[in-house]
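Enquirer: quick check, what structure comes out for this input:
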Amino acid sequence: MTESLTGTTNPKTATTLLSSNLLSTILPSLLLCFPKHESGFKLHCEELPVNIIGNDRELFQLLRRAYLKRRNLTSFRRGLKTVTKLSFTAFDVDLNNYVDLKPHLPSCSSSTAQSCVLPPPTLLQPPNAAYSYEPITQDHCPPRGPAYMAHYFQHPEEVHEEQRYLLNQIPKHLRGQLAALSDAPVRGWGLSFEEGLNYWPLMILMLLPPLIFGIVWSICKRDIQSGFGVAAYCLAAETIVLMYLLSPTSKT
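Expert: Predicted structure coming up:
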C-alpha cells in the first residue's frame with residue numbers, strides 16, 4: 001500500500017498537502033492596529049496560543065500585554081495617554097505595515113455592515129480559509145461596541161472567567177503575518193486601539209508640584225499669600241507647556 005501511494009502521488013496533490021501541513025503549524029494570529037506617531041496606525045500580528053488563551057479574560061490580558069510591550073513608555077506623551085476605544089475594524093495595510101482604518105459607520109447598510117468589521121464568509125471556507133470566527137447576525141454587528149471593549153481591556157479582571165464570546169467573535173488570521181503587495185494595499189480585519197488622555201496622571205503631574213512648592217514656601221518663608229501666588233504662576237506655566245507637548249505639532 002505504501003509503495004502504491006508513493007508511486008502514484010500527483011505533484012499538485014503533494015504541493016497542496018505540504019501547504020496544508022505548513023498552515024497547520026502556524027498559530028492563529030490577531031491583527032492589531034496600534035497608534036503610531038501623531039495620527040498613524042501600524043499593524044502588529046500577535047500570535048494567539050489557543051492552548052493557553054481559553055476565555056475572554058485571558059484574551060484581554062493578552063491584548064494588554066501586546067499593547068504595553070509595543071507602546072513607547074519612555075515617551076512623555078505616551079505616558080499621559082491610554083486606550084479609550086477598542087474597535088472591530090477592517091483596514092488596508094501597505095508595505096511599511098501602516099494601515100488605513102475602515103471603521104464601521106452607522107450609515108452602513110444592513111447588507112454591508114458585517115463586512116465593514118468582519119471578514120466575508122468566503123474567507124472562512126476551507127481549504128483556503130484565511131480567517132476563523134463564529135459568524136454573527138447583522139443585528140449584532142459589530143459584536144460589541146468600542147467603549148465596552150475598552151472597559152474590559154482596562155479591567156480584564158472584571159471579565160467572567162467562563163465568558164468566551166469575544167474570543168469566538170474576534171477574527172483570527174490563519175496565515176501568519178499579513179503581507180501587502182508592491183502595487184496595491186491588502187485588506188485585513190482585526191482590532192484598532194484608539195488613545196485619549198489619561199487624566200489621573202495628568203492631574204497629579206499638574207497639581208502636585210505647585211501644591212508642594214506652595215506649602216514649602218509658606219512654611220519656610222512664613223508667607224502663605226506669596227507662596228501660593230508663585231504656585232499659581234507655576235501651574236499656569238505647566239498648563240501651557242503640557243498643552244504644547246500634547247498637541248499634534250509636538251514631536252516629543
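Enquirer: near residue 232, how many other residues are there?
Expert: Residue 232: 12 surrounding residues under other Cβ atoms under 10 Å. C-beta coordinates here come from the backbone N, C-alpha and C atoms, glycine included.
Enquirer: ok, now residue 210?
Expert: Neighbours of residue 210 using other Cβ under 10 Å come to 20.
Enquirer: check which helix or strand covers it.
Expert: Assigned by DSSP states H and E, residue 210 falls within helix 199-221.
Enquirer: helix/strand/coil for the residue most central in space within the chain?
Expert: Taking Cα atoms, centre = their mean, the centroid of the chain lies closest to residue 193, which sits 3.8 Å from it. Secondary structure for residue 193, judged by DSSP: H, G, I helix; E, B strand; the rest coil, is strand.
Enquirer: mind listing what it touches?
Expert: By Cβ atoms under 8 Å, 6 or more residues apart in numbering, the contact set of residue 193 is 32-35, 67, 83, 85-86.
Enquirer: tell me how far it lies from residue 64.
Expert: Per Cβ to Cβ, to the nearest Å, residue 193 is found 11 Å from residue 64.
Enquirer: if we can go back for a sec, quick one: mean pLDDT for the helix holding residue 210?
Expert: Helix 199-221 shows a mean pLDDT of 80.
Enquirer: ditto for stretch 149-165
Expert: For stretch 149-165, mean pLDDT rounds to 94.
Enquirer: what does stretch 83-98 give?
Expert: 93.
Enquirer: who's in contact with residue 167?
Expert: Residue 167 neighbours (Cβ under 8 Å, 6+ apart): 53-56, 59.
Enquirer: quick check: buried residues in the helix or strand it falls within?
Expert: Using DSSP H and E, the element containing residue 167 is helix 165-169. Residues 166-167, 169 are the ones in helix 165-169 that count as buried (16 or more other Cβ atoms under 10 Å).
Enquirer: give the residue farthest from the middle of this protein.
Expert: Centroid-distance maximum for the chain: residue 222 at 52.3 Å, with Cα atoms, centre = their mean.
Enquirer: and it, how far from residue 200?
Expert: 34 Å.
Enquirer: now do residue 191
Expert: In terms of Cβ to Cβ, residue 191 sits 25 Å off from residue 200.
Enquirer: neighbour-wise, which of the two wins?
Expert: residue 191 (22 against 10).
Enquirer: hey, what's the closest residue to the more buried one other than its chain neighbours bridged with?
Expert: Leaving aside its sequence neighbours, residue 191 sits nearest to residue 32 (Cβ to Cβ, 6 or more residues apart in numbering; 5.5 Å). Following DSSP bridges, residue 32 is listed with bridge partners residue 44, residue 191.
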